[in-house]
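> fold the following, please.
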Amino acid sequence: MPQTTTEKLGPTRVKLTIAVTPDELKPSIDHAYSHIAEQVSIPGFRKGKVPPPIIDQRIGRGEVLNHAVAKVSTACSSRQWPKRESKPSAAPRRMSASGQTKKTSPATSL
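Numbers count the residues shown, from 1 in each chain. A predicted model of the protein is given here:
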């Protein structure tokens, strides 16, 4: 289970930190590959049957990871917010372990 911590930044801002190990992210990555495989059309492959190495080559590993992280962060934040009075009013910003910030949407689509 990913670990979450909440830090109040101001009267209207809260920082939710989600720490996920590679083993915890693996099911989301597998789901991302199958979801992307169902959506893309690559010559020589039926929809839903595109192997992960081809998805990495044609779509990019980054898109797969974005999809997986968005799924995990959405699940974790939805578990966290019912405990609070307030709800998120903006798309979350994701910060990787390297410290790069990126805006994400609750659901990634291709």
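
> tell me how far the residue lying farthest from the centre of the chain lies from residue 38.
The outermost residue of the chain, judged by C-alpha distance from the chain's mean C-alpha position using Cα atoms, centre = their mean, is residue 44 at 28.6 Å. When distance is defined by Cβ to Cβ, to the nearest Å, residue 44 is 16 Å away from residue 38. Just so you know, the C-beta spots here come from the backbone N, C-alpha and C atoms, and that holds for glycine as well.

> and residue 77, that's in a strand?
No: looking at residue 77 with DSSP: H, G, I helix; E, B strand; the rest coil, it is helix, so not inside a strand.

> thinking it is in contact with residue 15, fair?
No: taking Cβ atoms under 8 Å as the contact criterion, residue 77 and residue 15 are not neighbours in contact, 11.5 Å apart.

> who has more neighbours out of those two?
Taking neighbours as other Cβ atoms under 10 Å, residue 77 and residue 15 compare with residue 77 leading, 16 against 13.

> hang on, the residue farthest from the centre of the chain in a strand?
No: if the criterion is three-state DSSP, then residue 44 is coil and not within a strand.

> can you give me the strands for this structure?
Counting by DSSP state E, the chain has strands at residues 3-8, 14-19, 93-95, 101-103.

> worst average pLDDT in the ones you listed?
For the strands of the chain, mean pLDDT drops lowest on strand 101-103, to a mean of 54.

> now the helices for the protein?
For the chain, the helices defined by DSSP state H cover 22-39, 52-58, 61-80.

> out of these, which is the most enclosed?
Comparing these on average neighbours per residue, with mean count of other Cβ atoms under 10 Å, the densest one is helix 61-80 at a mean of 17.
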